[in-house]
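Novice: Sequence first, then the predicted structure, then my questions.
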Amino acid sequence: MRTDEDAERVVRLLGVWRGEASVSVPLRDALAELIDGSYLPAGWRMPGQRALAAALGVARGTVARAYAELMASGRLAAARGSGTYVRGAVGLVRPDEGRLTSFGGGQVVVDLSSGALPGSELVAEVMPEVGRQLRRHHLGGTGYHPAGLPELRAALAARVTAQGLPTRADQVLVTAGSQQAVWLIATALAGPGTVTLVEDPSYRGALEAFVGAGGRVRGVPCTPTGVNLNLLEAAVADADLLYVQTALHNPTGAHMPEPQRRALAGLAARHGTFVVDDQSQAELGWFRSDPLPGLERMADPERLLIVGTLSKLFWGGLRVGWVRGPREVVGRLAALRGGIDLGGPVADQLAALLLLPRADRQRVLRREFLAQQFAVTEEVLRTVLPHWRWSTPVGGSGLWTDTGQDAVALAQHALARGIRLTAGPAFSPHGGHRTFVRLPVWHPQSRLAAAAELLAGLGGTGSP
């Protein structure tokens, strides 16, 4: 990884760090919190002083002084000719103190960094029946189901079968949301010595999972209709795994048309590449009543993993996702998952089982809500930030927006004023898309307008 990418990662983690004292003092303290909290783990190579200074907009001497004091405290160590490395934590971060509290939202007025949607009333409606089902059928057992509640696995298998891919219950693993599903896949299949190809940009949670697994992650640029197939053809021969979002892409909101999906499936088959098709966003299409299709009817099912979730459709607090794949791979993932938490909450899975028959109704409600909110978001942006640019998504809860300026710097300044943004490099394995942000579209107009006015005051209007 290039040093400037390391610098951008540190900048994103730092958030608000400037204070009243000499600039090197709050920088030193903020870096110390990242090290003590293991956000910068032991053994990690720090960015060069020049690169970090440029990314932060400070003098190189400021970074040099902060590094020197962190070395003196035992948190950093210099290796001659190799660079500066994290040595390890010295103190523990105290709860509810310091810059890291902003990760939990304590200092943020408006959070524009996440596309997570408000919950559905349907979740609350099924809870009394969940209690009855628990008393009647489950409280007498242990409650441990590492692969998922058997009746939920069967229902999800029937759902995938109805979408065109014949599926048995033992080919489905229930997970704690799609994020855990992707993490399990990355940990099992994308370790050291492997190469994973991803779209660029891509879902940032997946990037974190694949990078964290220890293998190499390479990005293939996207077009308005999905990953660039010509560039993918050139890269896939050396890849062990291909992670894509063909149904509905996060963060761009694009859907890959059928001819391109067929071409992608054929390309993967020719090279024997294992494909992960993350369909977590598939239920959030704006222009059709059924889920957006992916690779389920096209790719070799023996070399395909499909990721799904109910958290996007019903509520993020309902931690139910799944993986559909070959029985042997699903078994491997289930064994890995069993070592983490012995299985998900039975109550959540019962709620999911009761909500599945209501998915069509909820999809209509989500579609109407998101279409209305997108119109509101466009109106605010065109009025307050007229030089920002975007393409109308096919669906999803976010808007991939080109600010026309350094969005990393904008996000830093915005966070200091209580607004959290996620800049484009967080969605890229190579630190690209520096002028982009991903904006959620679901916020009320008054809240979004107030945030946009503040961004405009920080220079968010860009250049005509």
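Specialist: Alright, I've got the coordinates. Numbers count the residues shown, from 1 in each chain.

Novice: quick one: P440 and L112 touch, right?
Specialist: Yes - between P440 and L112 there is a contact at 6.0 Å, judged by CB atoms under 8 Å. Where C-beta positions appear, they are placed from N, C-alpha and C, glycine not excepted.

Novice: Now do the same for the residue most central in space within the chain: its pLDDT.
Specialist: Nearest to the mean C-alpha position of the chain, by CA atoms, centre = their mean, lies G205 at 2.9 Å. Each residue has a pLDDT score; the one for G205 is 90.

Novice: Confirm for me that it is in contact with Q179.
Specialist: Yes - using CB under 8 Å, G205 is in contact with Q179, at 5.1 Å.

Novice: Would you enumerate the residues in contact with the nearest residue in space to A269 that is not next to it in sequence?
Specialist: What sits nearest to A269 in space, not counting adjacent residues and going by CB to CB, 6 or more residues apart in numbering, is D300, at 5.4 Å. By CB atoms under 8 Å, 6 or more residues apart in numbering, the contact set of D300 is 265, 268-269.

Novice: For D300, give its distance to P326.
Specialist: 10 Å (CB to CB, to the nearest Å).

Novice: residues touching L173, list them.
Specialist: 147-148, 153, 181, 184, 322-323, 325, 330, 333-334, 337.

Novice: Select from those residues every entry located in strands.
Specialist: 322-323 (DSSP state E).

Novice: From the contacts of L173, which shows the smallest pLDDT?
Specialist: R337 (90).

Novice: wait, that residue sits on H145?
Specialist: No - contact between R337 and H145 fails when scored by CB under 8 Å: they sit 10.4 Å apart.

Novice: Can you tell me the number of residues neighbouring the nearest residue to N250 once chain neighbours are set aside?
Specialist: Nearest residue to N250, sequence neighbours excluded (CB to CB, 6+ apart): Y203, at 4.6 Å. Look at Y203: counted by other CB atoms under 10 Å, it has 22 neighbours.

Novice: ok, Y203 - contacts?
Specialist: 182, 245, 250-251, 278, 280, 427.

Novice: ok, of these, which one's closest to G131?
Specialist: S280 (28.4 Å; CB to CB).

Novice: Is that closest one within a helix or a strand, and which one?
Specialist: According to DSSP states H and E, S280 maps onto no helix or strand at all.

Novice: what about the closest residue to V320 other than its chain neighbours, distance to R132?
Specialist: Excluding the flanking residues, the one nearest V320 by CB to CB, 6+ apart is A352, at 4.1 Å. Distance check for A352 against R132: by CB to CB, it reads 16 Å.

Novice: hang on, the residue nearest to the centre of the chain is in a strand, isn't it?
Specialist: No - counting by DSSP: H, G, I helix; E, B strand; the rest coil, G205 is not part of a strand but helix.

Novice: And A352 and R132? Which one has more around it.
Specialist: Set A352 next to R132 and count neighbours by other CB under 10 Å: A352 wins out with 28 against 11.

Novice: and that one, what helix or strand is that in?
Specialist: helix 346-355.

Novice: Put the alpha carbons of that helix into PDB.
Specialist: Extracted C-alpha coordinates of helix 346-355, given in PDB (Å, rounded to 0.1, in the frame of the first residue of the first chain):
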ATOM      1  CA  VAL A 346     -33.200 -17.000  18.400                       C
ATOM      2  CA  ALA A 347     -35.600 -14.100  18.900                       C
ATOM      3  CA  ASP A 348     -34.200 -12.100  16.000                       C
ATOM      4  CA  GLN A 349     -34.400 -15.200  13.800                       C
ATOM      5  CA  LEU A 350     -38.000 -15.800  14.800                       C
ATOM      6  CA  ALA A 351     -38.800 -12.200  14.000                       C
ATOM      7  CA  ALA A 352     -37.100 -12.700  10.600                       C
ATOM      8  CA  LEU A 353     -39.200 -15.800   9.900                       C
ATOM      9  CA  LEU A 354     -42.400 -13.900  10.700                       C
ATOM     10  CA  LEU A 355     -41.300 -10.900   8.600                       C
END
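
Novice: which other residues reach it?
Specialist: Contacts for helix 346-355 (CB under 8 Å, 6+ apart): 122-123, 126-127, 129-130, 133-134, 138, 143, 145, 148-149, 151-152, 155, 174, 310, 314, 318-320, 362.

Novice: Just the buried ones from those?
Specialist: Listed as buried from these are 122-123, 126, 130, 133, 138, 145, 148-149, 152, 155, 174, 310, 314, 318-320, 362; burial here means 16 or more other CB atoms under 10 Å.

Novice: Please enumerate the strands of the stretch 301-450 of the chain.
Specialist: 304-309, 321-324, 389-390, 398-402, 419-421, 436-440 (DSSP state E, counting those that start in this stretch).

Novice: Looking only at residue counts, what's the top strand in the protein?
Specialist: Max-length strand for the chain by DSSP E is strand 216-223.

Novice: any idea of the angle that strand forms with strand 398-402?
Specialist: For strand 216-223 against strand 398-402, the angle by axes from the mean of the first three to the mean of the last three CA atoms, to 10 degrees is 80 degrees.
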